[in-house]
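In: sequence plus predicted model, see below.
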Amino acid sequence: MKYAYYPGCSLHSTATEYEETTRTVCATLGVELAEIPDWNCCGATSAHATNHLLSLALPARDLAKAEQMGLDVVAPCAACYNRMAQTIHETKDNEVLRHKVSQVIGAEYQGTVKAKSLLEVLAADIGPKVVEAKVQKPLKGLKVAAYYGCLLVRPPAVTGWDDAENPQSMERLMTALGAETVDWSHKTECCGASLTISRTDIVAKLTHDILDAAKAAGADAIVCACPMCQANLDGRQGLVEKTYKTQYHLPVFYFTQLMSLAFGKEPYKLGFARHSIDPRELLHSKEIA
Amino acid sequence: MEMEVLNLTAVGPAGAAFAAQVGAEAGTDVFSCYQCGKCSAGCPISYAMDYQPRQIMRLVQLGLKDEALKSSTIWLCASCATCTTRCPREVEIATVMDTLRAMARREGYPYKERNIAAFHRAFLNAVAGGGRAYELGMILSYKMATFELIKDIDLGLTWLRQGKLKFFPERIHGAAAVRDIFDKVREIERKEVAAQREGRPVAHEGTEGHS
Amino acid sequence: MSVNEKAAQAAGAATGPSTVAAATPAPEGWEPKIIGFACNWCTYAGADLAGTSRIQYPPNIRVIRVPCSGRINPQFVVRAFQRGADGVLVAGCHPGDCHYSTGNYFARRRYLLATRFIEYLGVEPERLEVRWISGSEGQKFADTVRELTEKIRALGPQRRLRETL
Amino acid sequence: MRRVGVFVCWCGSNIAGMVDIEQVKAAAAKMPNVVYVEDNKYTCSEPGQAAIQKAIKEQNLDRVVVAACSPRMHENTFRRTVSGAGLNAYLLEIANIREHCSWVHPDKAAGTKKAVDLVRRAVYKVAKNVPLQRASIDVTKKALVIGGGIAGIQAALDIADAGQPVVIVEKTPSIGGHMAQLDKTFPTLDCSACILTPKMVDAAQNQNITLMTWSEVEKVEGYIGNFTVTIRKKARHIDTTKCTGCGICWSKCPAKLPSEFDLGLGQRKAIYVPFPQAIPNKPVIDEKNCIYFKTGKCKACQIFCPAGAIAFDQKDELIEEKFGAIIVATGYEQWDPSPYGEYGYGRYKDVITGLEFERLVNASGPTEGKIKRPSDGKIPKDVVIIQCVGSRDEAKGIPYCSKTCCMYSAKHAILLDEKIHAHPYVFYMDVRTPGKGYEEFYKRATEEHHATYIRGRVSKVYQKGDKLVCLGEDTLLGKKVAVEADMVILASAMVHQPAASKLAQTLGISYDQNHFYTEAHAKLRPVETNTAGIFLAGACQGPKDIPETVAQASAAASKAIGLLSKAKLETEPLVAQVNEGICSGCLWCKPICPYKAIDGKVIKERIAGGKTIERTVASVNASLCQGCGACTVACRTGAMNVLGFTNEHILAEVDALCL
């Protein structure tokens, strides 16, 4: 199984631990990642908040390169995945638009490749059975709240690979790793990522609601599949605790970190030190690491 | 505050044209909306908005362009698409928000949420410069624009220490090609705006083949 | 000669240049002759209502009663033009209101084609009018006849399909 | 050579004032086949009619044209007139020189010219007329009612009371339908069982009614007055002649299953009656779940049955019976709200549907009428009712309004307050209460029972502790609101029965895009179908509440009674007719016919050389045909015609008018 790999800007900066563990997990499961050469930023929310054509052109340049490689794209970042899927969706039956986009990027974009999120590849294409077979150190006793955020499963017309209101793929993966999952209410609520710098107050409230719900559901930790979500839930947790005068201390993992851990990788190689809420104490207490 | 009276007949054909244009650019039928409020109810940010998302749809239906484009709502929308996902009439509300925001920017409306606009600008400038987002540079240029120098300094320093922020941007070989994308898009937009001012029809890619 | 043969002949005649005959001045005292096909349940009743309401309209139309607009064979229309009609009105119940539930849908489809067919034969398509007029629309029936009469008057006599007898 | 007589009417001054009668007469006299012309002041009056009859006899006329008012006015009058003089009623044509001429054209010269044309049209047409006979067919004096809910019961009772035999075919083990599941009924709040069960008993005891429960219609052939219906009587595995309904069998049966009647909120056994007041009060064995049928062991019911009524080896029976009329009363299903992931139906036990709430509040329901929430049996204090779940939702549900939910939600709100003093919060988009006493009922919910009505659709329901948080927008305030509820009721839509389209195909009736059966005319023939002799009652035709269902059932019954009361059916002769000689057998006419009156038939034909061949031609069932003529236009060989409106007729009219 081989994919054109699109790491996206975050995995090269704030989320290097996601990038590293993505490579680890894919290597273990035999998913070959061929990085798209000289890829550019997808434009994220800022592009489609500003100009529709720009929001399609930026991902299209990357997709066109993947077409040359003849491979479907896998993106670990939910935002990157969503922008690519959106571009494919909008240009699919619209030749005029596809032509316009091709002109703007100065290359032929034909719309022949698919874009998948890393979670979809691992949970659906590889599947929990294969994952379970690779587990060396089951995550016994760890109770996680699987958090999908908004961009992985919405809007269903664009994404469509898991239920938009109560997705289950991350739960199935976590169960395969031996962890316990909680049924909780905020797994697809938005954390407000694109406002994290400009309207931190809003992000603090949304993050607070999510952390609150996870805690109330009895989770020890949150597991996510998006660098924006992780940055907000982990990086902003201190601010939330201060603003709302509360204590959560909920570590926020990338699902690939937990997969690596269960696959028997050395905990110190998984980037836990880079978390704002250090998860090592929790992992020690559960005798997982 | 004195109760403002909106004269609906005074909106005239310009209002209808505005509604039609929003629908065409967003590729959705704004008149499908029957004002049930499910979008507002599910919106995580509606509490901070001056108009509820539902009310923005109403403003568009009635052709009240200024009210819609001057609202904070269109800037606060985080594009999480909860509204689109749950809309019983299959209106793509999140895309309508995108469309209104782009329209407001294009037509020089004052930004109700200056910081959000400044952030998007800073982000895109970084991408236009080197082909990829560059958090530190972007945050610095955002701070210069907004004078929010002290805010987030803690988190920034932590992230620098943790190696989450890089001191130098990643520049890709194709940076010039990406720059070119920005230039072309701007050129197309400039032409379309000019055409619109002169009352020539503008072909919206959203109207064709968009499901 | 059967209806089919007549229509075939008419179609054959038009395989040449299908340009519309150049308007020649109408003869003195010419009045448009319009044949109307009206379904019994809606349009014929609408025309009756125009009568009982004494709504006046030009006397150029002659109505033929049929059970349903779905009964009106396009060959009837062609025959009318062959016999020298200057205009034809085909009218039935509004879509969805057909007494026989679906007849007017067939009529609608047929007359989209029929209009193009008579154009192909060289007759101005404006000479064939298809309208939905209900039993309560006496005014609409009168208005339709008035409009059609004026339209045909402006077009002049129909000579393209008229047989020289 | 025909002998046509033309009778020009003055209609007082109505015609004579605007049309020159003498000119019309003079012109008519010169028309082909016309041998006699006469004018009358009032042709429709008795002397006028007598004059026609006299002329027919004296002038030996074989065709008559009356130039007078609209044929929609007096065609039947004059048909009687001519047949009174011994002429076939269909050898008459009317020229409408009043409504279409004298009343609308003030120019007398132009009006007279047009009147002449109109008379000529009728003269040309009448020459082509041939004598037509009304045919008569026998009527089987028995009605079939499909579906034993309130619609079917009401229709059957009405037909039986009129003295006609009727059979109710019901697919479940008991009659009663959805109404048997309900607790109270709006707007009077009388108990559903109290008003329904007496009717069920009446139906069971009525000499004219035969109940066939646990049975389904398998095949329908024939036409109005003469349907042959095959009914599958499913194996009940009970000898109903021996069974006394004592109930020992189901008390001894060890197999427990979720009860369909209680929508899974309660349990039943593998041998069961669906509910205590079931009629017939005789159980059925559910083969799929019976331990004996699954493993060959058990037979507890047989062992304990004091009547020896258990019959494991009973097989399905096919029964063929003849009926003159059929009433379809198959009802509706409640829409399954699972597609609303955001409302958590199926995920949260305390999110229930409106019909489930009916079982919860019903004294014979699984909680014996105590409103306890399913998760922990707690009595709810705050209850959210969400309206339009599935209804008016093109994305997840159905586009139409289900019509009953506003009222039953108001009823639920009232019951919640009345029974357990719970506070109802109703999220609505519009409250639609057109109906006698309905608006007043809604008013009671808000004023006397203090239901909080919030205008807005709920976006999400989620669990927080032991509460269900409902997020909505109060669109009247423009503010987002949350209600922390103990229980949530989804006012789920009314949709078609799953097998509605299959039954429609069996019956040869049409259904709409929502799979509701289509009435012959939305306004004027609301209980008839396009297939003569088949009528509709209740929610199978569209969402309906009980009063409306009962009204429609009685209407359908009266149509059926009208039909069955006739000794013979007279058929209108103005129907389609095939010229078999030139029919190519392509059968393009067949799908176009809205009445399914056309079918292929094989005829034998002798060809040159004395050989006999078989070929297919179209065949019109004159009892089903309504004479619309859609088939004639589809016919490529011109073999299909409508009597009275043949191609030859219409072409002659065109010719006459263009002269």
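Out: Thanks, I have it. Residues are numbered from 1 along each chain as shown, chains lettered A, B, ... in the order given.
In: what's the domain layout of the chain?
Out: Just going to use chain A. A:2-118, A:135-285 (automatic domain parsing).
In: try chain B instead
Out: When chain B is cut into domains by automatic domain parsing, you get B:12-110, B:114-184.
In: show me the one of the ones you listed that comes nearest residue D:242.
Out: With respect to residue D:242, and counting by CB to CB, the nearest of these is domain B:12-110 at 54.3 Å. In short, each C-beta sits where N, CA and C put it, glycine included.
In: for residue 102, which non-adjacent residue is spatially closest?
Out: I went with chain A, as the question did not name one. In space, and not counting its chain neighbours, residue A:102 is closest to residue A:109: 4.8 Å by CB to CB, 6 or more residues apart in numbering or on different chains.
In: try chain D instead
Out: Distances taken as CB to CB, 6+ apart put residue D:18 closest to residue D:102, at 3.9 Å, once the chain neighbours are dropped.
In: do I have it right that the one you found meets residue D:108?
Out: Yes - counting by CB atoms under 8 Å, residue D:18 does reach residue D:108; the two are 5.8 Å apart.
In: please say which of those two ends up with more neighbours.
Out: residue D:18 (20 against 14; other CB atoms under 10 Å in any protein chain shown).
In: quick one, grab the pLDDT at the more buried one.
Out: At residue D:18, the pLDDT value in this model is 94.
In: still on that earlier bit, looking at the domains of chain A, which is nearest to residue D:70?
Out: Short answer: domain A:2-118, nearest of the domains of chain A by CB to CB, at 54.4 Å.
In: and that closest one, how far out from the chain middle?
Out: Between the centre of domain A:2-118 and the centre of its chain there are 14 Å (CA atoms, centre = their mean, to the nearest Å).
In: check stretch D:543-551 too.
Out: That offset, for stretch D:543-551, works out to 13 Å (CA atoms, centre = their mean).
In: so what touches that stretch?
Out: Stretch D:543-551 is contacted from outside by D:150-151, D:154, D:179, D:185-186, D:332, D:400-404, D:407, D:435-436, D:493-494, D:537-539, D:552, using CB atoms under 8 Å, 6 or more residues apart in numbering or on different chains.
In: likewise for stretch D:513-532?
Out: Under CB under 8 Å, 6+ apart, the answer for stretch D:513-532 is C:96-97, C:99, C:101, D:223-224, D:328, D:398-400, D:495-496, D:500-501, D:504, D:507-512, D:534-537, D:540-542, D:552, D:555-556, D:559, D:594-596, D:623-624, D:626.
In: which stretches of chain C form helices?
Out: For chain C, the helices defined by DSSP state H occupy C:3-13, C:43-52, C:74-82, C:103-120, C:138-155.
In: could you dump those helices into TSV with mean neighbour count, distance to residue D:428 and mean pLDDT added?
Out: TSV is the format used below for those (neighbours: other CB atoms under 10 Å in any protein chain shown; distance: least, CB to CB, whole Å; pLDDT from 0 to 100):
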stretch	mean neighbour count	distance to residue D:428	mean pLDDT
helix C:3-13	14	59	44
helix C:43-52	25	41	93
helix C:74-82	24	51	93
helix C:103-120	19	37	86
helix C:138-155	20	39	95
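In: any idea which element residue A:131 lies in?
Out: Taking DSSP states H and E as the definition, residue A:131 sits inside helix A:128-134.
In: name the helices or strands packed onto that helix?
Out: helix A:16-29, helix A:169-176 (3 or more CB pairs under 8 Å, 6 or more residues apart in numbering or on different chains; DSSP states H and E).
In: elements contacting the first one?
Out: Pointing back at helix A:16-29 there. Partner elements for helix A:16-29 (3+ CB pairs under 8 Å, 6+ apart): strand A:32-35, helix A:128-134, strand A:252-254, helix A:255-262.
In: hmm, who's touching the longest helix seen in chain B?
Out: Identified as the longest helix of chain B according to DSSP H is helix B:175-197. Under the contact criterion CB under 8 Å, 6+ apart, helix B:175-197 has outside partners A:40-41, A:51, A:53-54, A:57-58, A:61, A:100, A:103-106, B:106-107, B:124, B:127-131, B:172, B:201-202.
In: so how many other residues sit close to residue D:226?
Out: Residues lying near residue D:226 (other CB under 10 Å) number 17.
In: now it: closest residue in space that isn't a chain neighbour?
Out: residue D:140 (5.9 Å).
In: checking residue D:163 next. Helix, strand or coil?
Out: Assigned state for residue D:163: coil (three-state reduction, DSSP: H, G, I helix; E, B strand; the rest coil).
In: what's the closest residue to it other than its chain neighbours sitting at in phi/psi?
Out: Leaving aside its chain neighbours, residue D:163 sits nearest to residue D:208 (7.0 Å; criterion: CB to CB, 6+ apart). As for residue D:208, its main-chain torsions (degrees, to the nearest 10) stand at phi -90, psi -10.
In: can you pull the contacts of residue D:208?
Out: D:159-161, D:163-166.
In: could you export those residues as CSV, including neighbour count?
Out: Converted to CSV, the contacts of residue D:208 look like this (neighbours: other CB atoms under 10 Å in any protein chain shown):
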residue, neighbour count
D:159, 27
D:160, 23
D:161, 14
D:163, 11
D:164, 21
D:165, 18
D:166, 28
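In: farthest pair within these?
Out: Pairwise over these, using CB to CB, the maximum falls at D:161 and D:165, 11.9 Å.
In: and the closest residue in space to residue D:266 that isn't next to it in sequence, helix, strand or coil?
Out: Counting by CB to CB, 6+ apart, residue D:266 lies nearest to residue D:366, which is 3.1 Å off, once chain neighbours are set aside. With three-state DSSP as the basis, the three-state label of residue D:366 is coil.
In: next, count neighbours for residue D:366.
Out: Around residue D:366 there are 20 residues (other CB under 10 Å).
In: residue D:356 is in contact with that one, correct?
Out: No - the pair residue D:366 / residue D:356 is not scored as a contact, 9.9 Å apart, by CB under 8 Å.
In: contacting residues around residue 47?
Out: No chain in the question, so chain A it is. Contacts for residue A:47 were tallied using CB under 8 Å, 6+ apart; they are A:54-55, A:58, A:83, B:124, B:127.
In: sorry, should have said chain C
Out: The contact partners of residue C:47, by CB under 8 Å, 6+ apart, come to C:36, C:38, C:63, C:133, C:138, C:141, D:99-100.
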